[in-house]
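# Fold the stuff below for me.
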Amino acid sequence: MVRINVKEARRNFKQLLDRVERGEEIVVLRRGRAVARLVPEYGRKPRLPDLAAFRAEIGKGGTSSAELVRQERDDR
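Numbers count the residues shown, from 1 in each chain. Next comes the predicted model:
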């Protein structure tokens, strides 16, 4: 949990929201006392990226593992 004063929170609000989106909790202090808490919506943990989209993005390429094993066996 990160603790930050009001002045710093104002100055870096966008970055604080980015951190909260990633699952961090931020406590905002005024004169050393907690006055607010920024938490992810509904207390959810950050979502994992969609693996299907990731696989489509990187695409197929290179040599398959089966082919690498065959090549290694042939070299013996």
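# Show the contacting residues for Val39.
Shown in contact with Val39 (C-beta atoms under 8 Å, 6 or more residues apart in numbering): Val20, Glu25, Ile26. The C-beta positions use only the backbone N, C-alpha and C, and glycine is treated the same way.
# Sketch out the low-pLDDT regions of this protein for me.
43-48 (pLDDT under 70).
# what about the strands in it?
2-5, 26-30, 33-38 (DSSP state E).
# Ok, which of those strands comes nearest Asp74?
strand 2-5 (55.9 Å; C-beta to C-beta).
# circling back to that earlier point, out of the strands of the chain, which one sits most buried?
Comparing the strands of the chain by mean neighbour count (mean count of other C-beta atoms under 10 Å), strand 26-30 ranks first with a mean of 16.
# quick one: that one to strand 33-38, angle?
Computed by axes from the mean of the first three to the mean of the last three C-alpha atoms, to 10 degrees, the angle separating strand 26-30 from strand 33-38 equals 150 degrees.
# Name every strand pairing with strand 26-30 and say which way it goes.
Strand pairing for strand 26-30, determined by DSSP bridges: strand 2-5 (parallel), strand 33-38 (antiparallel).
# ok, and what's touching it?
Residues outside strand 26-30 that contact it (C-beta under 8 Å, 6+ apart): 1-6, 9, 16, 19-20, 34-39.
# give me that answer again for 10 Å
Applying C-beta atoms under 10 Å, 6 or more residues apart in numbering, the contact partners of strand 26-30 are 1-10, 12, 16-17, 19-20, 34-39.
# Quick one: residues contacting Leu68.
Gly62.
# Pull up the gap between it and Val6, please.
Look at Leu68 and Val6: by C-beta to C-beta, to the nearest Å, they are 57 Å apart.
# where's the spatially most central residue of the chain relative to Tyr42, distance?
Centroid-nearest residue in the chain, with C-alpha atoms, centre = their mean: Arg22, separated by 4.8 Å. As judged by C-beta to C-beta, Arg22 and Tyr42 stand 15 Å apart.
# Ok, Lys14 next?
21 Å.
# Between these two, which has more neighbouring residues?
Lys14 (8 against 5; other C-beta atoms under 10 Å).
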